[in-house]
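**Student:** Based on what follows, work out the 3D shape:
(one chain, ligands or ions: 1)
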Amino acid sequence: MAKFKVEEIAEKLGITVDEVYSKLKDNGVEEVERLNFLDDKLVTLLGLDPKKLQTEKRQEFLKKALERRKRHPKPKEVVLKEDAGKKEKKRLSKEELLKKKMELEKSLKKVDELRKKKETEKRKEIAEKVDKEVVEKKEAIKPEELKVQAENKVEKAEKVEVEEKSVEVETISKIKEKPTQEDKKDEKLEKVKSEEVKAEKIEKKRSGRPKTDKPRADKPKTQRYSHDKKGEDKKKTDFKGKGKDKDIKRDEEKQELTKELIIDKDKETVKKKRKDKDEIVEVKETKKPKAKKGAKKVKNIQKDILEGFDELELEEEIIKSESVVEEELIEKTDEVTEVKEEKKEKEEKSGPKQPVKPSKIEIGENVAITELARLMGIKANEIVKKLFEMGVMANINQSIDAETAQLLGAEYDIEVVVKVVTEDDLIPKYEDKPEDLKPRPPIVTVMGHVDHGKTSLLDKIRRTKIAEKEAGGITQHIGAYEVDLPQGKLVFLDTPGHEAFTTLRARGAQVTDIVILVVAADDGVMPQTKEAIDHSKAAGVPIVVAINKIDKPNANPEHVKSQLAELGIIPEEWGGSHQFQEVSAKTGQGIDELLERVLLEAEMLELKANPKRPAECVVIEAKLDKHRGAVATVIVQNGTLKKGDVFVVGAQYGKVRSMFNFIGRTVKEAGPSIPVELMGFSEVPEAGEKLIVLPNEKLAKQIADMRKEKKREKEMLEKSKVSLTDIFSKIQEGELQELNIIIKADVQGSVEALKSSLLKLSNPEVKVQVIHDGVGAISESDVLLAAASNAIIIGFNVRPDAKAKAAAEREKVEIHLYSVIYDAIEDVKKAIEGMLTPETKENIVGKVEIRKVFNISKVGRVAGCYVLEGKVTRNSNVRVLRDNVVVYDGKIGTLKRFQDDVKEVVAGYECGLTIDRYNDIKEGDILEVYELVEEKRTLDDVNSGDEK
Ligand SMILES: Nc1nc2c(ncn2[C@@H]2O[C@H](COP(=O)(O)OP(=O)(O)OP(=O)(O)O)[C@@H](O)[C@H]2O)c(=O)[nH]1
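**Tutor:** Residues are numbered from 1 along each chain as shown. As a prediction, this is how the structure comes out:
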């Protein structure tokens, strides 16, 4: 069965998720809020065709996939740059790289072999030339000279022989087995006769190249290893391909030359012997070459020798060039490695092609499929496929919730750990440096009893202190205004009374810095005066007393002072800590002094804020304007609010579109304590909500979404703030050290009696505090105070009014009503001690139908039953229903399956049973099996049950 996300369905229907839930509820579906996905049945209930939806989703998915493919075509192959000249693109595979490496090793081997060969060749050649010189000289010079020269040459040759013997011996022995010295002598003597012929032979061989003065560079041998750059390049390219042929050729040459060398050397030895035996005459008989020609030949030989050395140098070049080839190959290998590493890095950044599958991953409350794929090391397409199999329709660009991700993880054997990111983790933290903290104006609230002149005082201040300054007066009225005095600025919350103060506090926002308590000099302290004091005390806000209406003839400020002193508000002149000012809102008398006193109080508070940081504000009032949409008055508590700032407030986010100050003028920014009216909300925010400026819209949206989700969860949980039932557990958990109580009673006597008794319940672990008490019905203000102070309300012979009831429900405040003081005290005592008796509740565990009744002697009437639902347990409670009317309530006696006693029989099985002390059972009776469960008393139980 396919499943659809609630959000998708809402989108499809063009309604909100909450509307989807309420639609489902209307259709009789329970606990819909728990559903994140809706199955075919529910989707059909909402009037949609699941099959059609699925097809549409698939088509959409395919369409997106195609678009994506178009946007991201197949990535280009990684190309390796070859020689710059070739400009040929080549992509090296691992095999090719290995091949290259092997070639390189082979080349190095060849270079080694070549070097050895060359060394041998050169040595042989030099020896040969020396020999040749001897022969030629022998032909060209006189026998005496020849003798001397021959001797020199022989010595030379011998020297070479001695020097090279060790090298040659090895080479020679390989080619030809070396005869003993004596054998050699004989053999050589025999060969002496043909030495001239052989000399000619050698000459002939040499004459393969023209015997000219042309440089050896022209000669085929050196041509290959020409010293010029071109030659080097050629070598680089020729070497690989022709190396083998060259080797063979060189081997042949080497063999031939070695043979010649042996012969020549033998000849030398023979010559020496002959010289010793004066047999040199035979030599004289050979042709007599011209002396000039001989000299030229010597020159040539010298040249050849020099060239021989040149060739040695060339050889070095060859080796060098081989090294170049080697280096190039190494370079290429490095290049390939680099390219591979780059590729790897890229892959690491963009996600590997085939990553390793982990055993555990961490995700947030929601995770994008692509991200999940990366974390799991599984292709995103595969995940989409798997989700589809699981009945979750999601495309690659969508996100799934943590629960689905965990289920998916289980499919792949990957533990998916959900790390819940809280708002605190997301909201950037700012540390205010001491030097950035600047004094800010105090925010003042005026409170007092009805008709004591709060509004008059506020008006007077506004009119006298603002209107006179601002031409045209106040054109627009917002919930707060600023007053500039020579001593400093003051900000007044323009809503007199407790509403603003307590409502804001009940929502967790403490805005007020100072309270002006207005007490009419002709009326004195009244219940709301007392209430205002309690509110202020609970909030820890200092009070400045304004004794109003002193213009009235019956004004008695001294009486007011003494009354207030009784409530702990003692004037400074009496040694207390409170400032008192006599004023007249009517005449304006004492108003300046009052404001000065307020500023003095503010100075003592050292109110400071950092105007440099992003703003944090509190909504003090909000409304839906016909023309401007949602507007709200906010007070900046810290930082500076600027036009264009992105913010989150409650569960919505927005952007400051425009700002107006308290006289309706557009402003671009507002610093600490400044009230402004804002536009840029998507819905009307609630008073008391905090407005926080964030670095970007994405974050603001994320936080707003989180809050929405939290709000939904909270609504589902419906937790009360503090209840009698959980006081004990809260004390145990260390959450509760103070139990705040508000007492309301019909008469002052009862208030006092209750108060003193309850205060006596304080113990080392928990302190009972009566934060407010009074005579009269429980008001909305009481409830708001309770909400703000996490208090419970105890009413004695009084009831909450309609507004208070609504507020209590909204704010989740517990109200306990009593008509016996003792009960109230006992309940609070038991709550503190954790002794509140739990309530017993009934839990139906099974339904059994009696199908046959048997009369068994000594046992009585036995019911032959069939368990329809749940189970039936021995000794459990049972109710006998006949035509849906309870005819008996008792306990199960015996319970059998066939002949055996059993503890329980579950649905779908037959059993036999008796009911304790009840025989009047009949066929067709339904037995309702139930158990009694003890449950702690809930708020409702306490409220309804304790109303004695
Ligand atoms: N003589 C005199 N009358 C005053 C003074 N201040 C207020 N009044 C009068 O007292 C009455 C009540 O004043 P409000 O300002 O409405 O009193 P409040 O406390 O705002 O009353 P609520 O809004 O009902 O709580 C009005 O008729 C005022 O004219 C004063 O200083 N002197």
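**Student:** Please make it C-alpha for all contacts and neighbour counts, starting now.
**Tutor:** Will do.
**Student:** list the contacts for the closest residue to the ligand within the stretch 801-948 of the chain?
**Tutor:** Using Cα to the nearest ligand atom, residue 803 is the residue of the stretch 801-948 of the chain that sits closest to the ligand, at 17.2 Å. Contact partners of residue 803, counting by Cα atoms under 8 Å, 6 or more residues apart in numbering, are 779-780.
**Student:** Phi first, then psi, for it.
**Tutor:** phi -60, psi -40 (degrees, to the nearest 10).
**Student:** going forward can the numbers begin at 34, since that is how I track them
**Tutor:** That works, and once the first residue is 34, the last one we named lands at residue 836.
**Student:** what's the spacing between it and residue 810?
**Tutor:** As judged by Cα to Cα, to the nearest Å, residue 836 and residue 810 stand 11 Å apart.
**Student:** ok, now residue 912?
**Tutor:** Per Cα to Cα, residue 912 is found 45 Å from residue 810.
**Student:** quick one, strands of the stretch 534-683 of the chain?
**Tutor:** Along the stretch 534-683 of the chain, the stretches classed as strands by DSSP state E, counting those that start in this stretch are 547-553, 576-581, 612-615, 641-642, 649-658, 662-671, 674-675, 679-682.
**Student:** Serialize the ones you listed to a markdown table and add fields for mean neighbour count and mean pLDDT.
**Tutor:** What follows is these, written out as a markdown table (neighbours: other Cα atoms under 10 Å; pLDDT from 0 to 100):
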| stretch | mean neighbour count | mean pLDDT |
| --- | --- | --- |
| strand 547-553 | 27 | 95 |
| strand 576-581 | 29 | 96 |
| strand 612-615 | 21 | 94 |
| strand 641-642 | 20 | 92 |
| strand 649-658 | 22 | 88 |
| strand 662-671 | 24 | 92 |
| strand 674-675 | 25 | 96 |
| strand 679-682 | 26 | 94 |
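**Student:** Pipe the ones you listed into TSV and attach distance to the ligand per row.
**Tutor:** Converted to TSV, the strands of the stretch 534-683 of the chain look like this (distance: least, Cα to the nearest ligand atom, whole Å):
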stretch	distance to the ligand
strand 547-553	8
strand 576-581	5
strand 612-615	10
strand 641-642	31
strand 649-658	18
strand 662-671	21
strand 674-675	32
strand 679-682	30
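**Student:** want to try TSV for the ones you listed, with distance to residue 52 as columns?
**Tutor:** As requested, the strands of the stretch 534-683 of the chain are exported to TSV (distance: least, Cα to Cα, whole Å):
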stretch	distance to residue 52
strand 547-553	43
strand 576-581	47
strand 612-615	55
strand 641-642	43
strand 649-658	22
strand 662-671	22
strand 674-675	35
strand 679-682	23
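**Student:** tell me the pLDDT at residue 821?
**Tutor:** pLDDT for residue 821: 84.
**Student:** list the contacts for the closest residue to it other than its chain neighbours?
**Tutor:** The shortest distance from residue 821 to any non-neighbouring residue, by Cα to Cα, 6 or more residues apart in numbering, is to residue 539 (3.8 Å). Residue 539 is in contact with 721, 817-818, 820-822, counting by Cα under 8 Å, 6+ apart.
**Student:** Verify the stated contact: residue 825 with residue 848.
**Tutor:** Yes: with contact defined as Cα atoms under 8 Å, residue 825 counts as touching residue 848 (6.2 Å).
**Student:** and residue 146, what helix or strand is that in?
**Tutor:** Using DSSP states H and E, residue 146 falls within helix 127-173.
**Student:** how many other residues sit next to residue 60?
**Tutor:** Applying other Cα atoms under 10 Å, we find 12 residues neighbouring residue 60.
**Student:** With the flanking residues excluded, which residue is spatially nearest to it?
**Tutor:** Per Cα to Cα, 6+ apart, closest to residue 60 is residue 78, 7.3 Å.
**Student:** With residue 602 instead?
**Tutor:** The shortest distance from residue 602 to any non-neighbouring residue, by Cα to Cα, 6+ apart, is to residue 611 (6.3 Å).
**Student:** show me the contacts for that neighbour.
**Tutor:** Residue 611 neighbours (Cα under 8 Å, 6+ apart): 576-578, 602-605.
**Student:** rerun that using 6 Å as the cut-off
**Tutor:** Contact analysis of residue 611 by Cα atoms under 6 Å, 6 or more residues apart in numbering lists 603-605.
**Student:** swap in residue 722?
**Tutor:** By Cα under 6 Å, 6+ apart, the neighbours of residue 722 are 651-652, 683.
**Student:** now swap in residue 673 and tell me
**Tutor:** Applying Cα under 6 Å, 6+ apart to residue 673 gives the contacts 644, 647-648, 703-704.
**Student:** any idea how far it is from the ligand?
**Tutor:** 33 Å (Cα to the nearest ligand atom, to the nearest Å).
**Student:** near the ligand, which residues of this protein show up?
**Tutor:** Within reach of the ligand by Cα under 6 Å from any ligand atom, the chain has these residues: 483-489, 581-582, 584-585, 617-619.
**Student:** for the stretch 34-183 of the chain, which spans come out with low pLDDT?
**Tutor:** 34-35, 65-67, 91-92, 94-128, 130, 163-164, 166-183 (pLDDT under 70).
**Student:** mind checking which helix or strand the closest residue to the ligand within it is in?
**Tutor:** Residue of the stretch 34-183 of the chain nearest the ligand, by Cα to the nearest ligand atom: residue 51 (39.2 Å). Element membership of residue 51, judged by DSSP H and E, is helix 50-59.
**Student:** Repeat that for residue 923.
**Tutor:** strand 918-930.
**Student:** How about residue 735?
**Tutor:** With DSSP H and E as the criterion, residue 735 is inside helix 730-750.
**Student:** Who wins on neighbours among the contacts of residue 539?
**Tutor:** residue 818 (30 neighbours).
**Student:** Measure how buried the closest residue to that residue other than its chain neighbours is and give me the count.
**Tutor:** Nearest non-adjacent residue to residue 818, counting by Cα to Cα, 6+ apart: residue 535, 6.1 Å away. Using other Cα under 10 Å, residue 535 has 27 neighbouring residues.
**Student:** Next: residue 957.
**Tutor:** 16.
**Student:** Now do it, the pLDDT please.
**Tutor:** For residue 957, the model assigns a pLDDT of 93.
**Student:** would you say it is within a helix?
**Tutor:** No: applying DSSP: H, G, I helix; E, B strand; the rest coil, one finds residue 957 to be coil, outside a helix.
**Student:** how close does it sit to residue 922?
**Tutor:** 17 Å.
**Student:** same deal with residue 37?
**Tutor:** Counting by Cα to Cα - residue 37 and residue 922 are separated by 47 Å.
**Student:** For these two, indicate the residue with more neighbours.
**Tutor:** residue 37 (21 against 17).
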